[in-house]
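coords please:
(2 chains)
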There are 2 protein chains.
Amino acid sequence: MRLAELSERSGVTTATIKYYLREGLLPPGERVTATQSEYREEHLRRLRLIRALVQVGRIPVATAREVLAAVEDEESDQLTRIGTAIAALPHPAPPRENDETVAAARTLAEELQRRLGWRVVPGNPAHQALVSALTALLRLGYPCTVEQLLPYGEAAGRLAGHEVALIGEFTSPTTQLEAAVALTVLYEPVLLSLRRLAQAETASQHLGHHP
Amino acid sequence: MRLAELSERSGVTTATIKYYLREGLLPPGERVTATQSEYREEHLRRLRLIRALVQVGRIPVATAREVLAAVEDEESDQLTRIGTAIAALPHPAPPRENDETVAAARTLAEELQRRLGWRVVPGNPAHQALVSALTALLRLGYPCTVEQLLPYGEAAGRLAGHEVALIGEFTSPTTQLEAAVALTVLYEPVLLSLRRLAQAETASQHLGHHP
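Numbers count the residues shown, from 1 in each chain, chains lettered A, B, ... in the order given. All right, here's what the predicted structure looks like:
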């Protein structure tokens, strides 16, 4: 298909598509004349992923380029590519200081993952984000023990099982990879808004009787 | 206690405490001399909540003021105050357009909540945030059916039950309310980072065999 049809089918303006091409987010089409290129279904699919990252996830273009580079890296196996792409997504900053509260949060994060039967990978940005979140809870003196954290880990574990099954429905390794990245980003606001709705529902059931 | 001790015990600089006092986030202490006021344990606790909102949750000061106003509104019952305070927290914007995709997302959000046995409250900002997140999934053509969404709702429901129990451990209605708001904000990054860790763990178990 030509640029106009790619724009029509993706709902992305031709100016924005040209911007993504210049920024290296979208691979170039096959040049057919001096001024025209031919695009394929994979361009359409890639554009959908870029929109998920940039327009919905509000991920900076430079970061999106890193995520997409990991998706495209055909040297690595599927698992490494998924891991690298997801690790390249923005994460909350790791804790800046390194005092005894951070050390306690790190111990707590490791203990929690061991209890859940997960491997502890200190270099994973999600591990550092967890340490950061636990540091905030500990510093402010809010409840935060392994027992209180376990239900969150168990919920995340069940969802991950569901998500891997969902991603398995995509047929090719590349579409699976693209889906893994897109669903990671797109389901975050789904989960957070459902949590708030569940809180409202549960609070009205439990606290409604003790005004 | 005096301002210096409040600063010492809360870890918040006196300049920042004065700023929170000026902005009406922290209620004034009891004036003891022309230049000195006396602060109590409740100021310390409130300061902890303000830090959870402003410093950790990165919630704008004006929004934090609204949340705290709901916490303080002694005219309302406990349940209304919790609901109002949580609804005043920032939520993703509701969908801007109102086309057939938004209508489909709205139907999906309502059907999901009915399946979960929750009441549908269209005015709840979390409901609108859910519609917005589902609109993005539908627009981009990613999987998004009630069946695929149910596990997220069930996970959120289980966590809410745990959270209401956690909040019940706080003794007074005001500390319960403050804890409800703080834990809503502080546990979001815990949940999201655990989700990414669970994904990495599950992917390595399931996809590791099919590189």
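
per-residue confidence for A:Thr16?
Looking at A:Thr16, its pLDDT reads 93.

how far does the helix or strand that contains it sit from the chain's center?
Using DSSP states H and E, A:Thr16 falls within helix A:14-22. Here helix A:14-22 shows a centroid-to-chain-centroid distance of 24 Å under the convention CA atoms, centre = their mean, to the nearest Å.

next one: stretch A:150-163
For stretch A:150-163, the distance to the chain centre is 15 Å (CA atoms, centre = their mean).

and that stretch, does that touch chain B?
Yes - if you take CB under 8 Å from any CB of the partner chain as the test, stretch A:150-163 does meet chain B, through A:151-153, A:155-163. Placement of C-beta: from N, CA and C, glycine included.

Just put those in TSV and tack on secondary structure and neighbour count.
Formatted as TSV, the residues of stretch A:150-163 next to chain B follow (DSSP: H, G, I helix; E, B strand; the rest coil; neighbours: other CB atoms under 10 Å in any protein chain shown):
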residue	secondary structure	neighbour count
A:Pro151	helix	17
A:Tyr152	helix	25
A:Gly153	helix	23
A:Ala155	helix	25
A:Ala156	helix	27
A:Gly157	helix	21
A:Arg158	helix	17
A:Leu159	helix	23
A:Ala160	helix	22
A:Gly161	helix	17
A:His162	helix	17
A:Glu163	helix	23
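
Check the residues you listed against B:Ala85 and report the nearest one.
For those, the closest approach to B:Ala85 (CB to CB) belongs to A:Tyr152, at 21.6 Å.

I'd assumed A:Ile17 was in contact with A:Arg9.
No - the pair A:Arg9 and A:Ile17 does not pass the contact test of CB atoms under 8 Å, sitting 11.0 Å apart.

Who has more neighbours out of those two?
Relative neighbour count places A:Ile17 above the other of A:Arg9 and A:Ile17, with 22 against 14, counting by other CB atoms under 10 Å in any protein chain shown.

All the helices of chain A, in order from the start?
With DSSP state H as the definition, chain A shows helices at residue ranges A:3-10, A:14-22, A:41-50, A:61-72, A:78-88, A:100-115, A:125-139, A:146-168, A:173-206.

buried set for the fifth one?
Pointing back at helix A:78-88 there. Within helix A:78-88, the residues scored as buried using 16 or more other CB atoms under 10 Å in any protein chain shown are A:78-79, A:81-88.

Is there proximity between that helix and chain B?
Yes - Helix A:78-88 lies within reach of chain B by CB under 8 Å from any CB, at A:78-79, A:82-83, A:86.

Alright, calling it a day.
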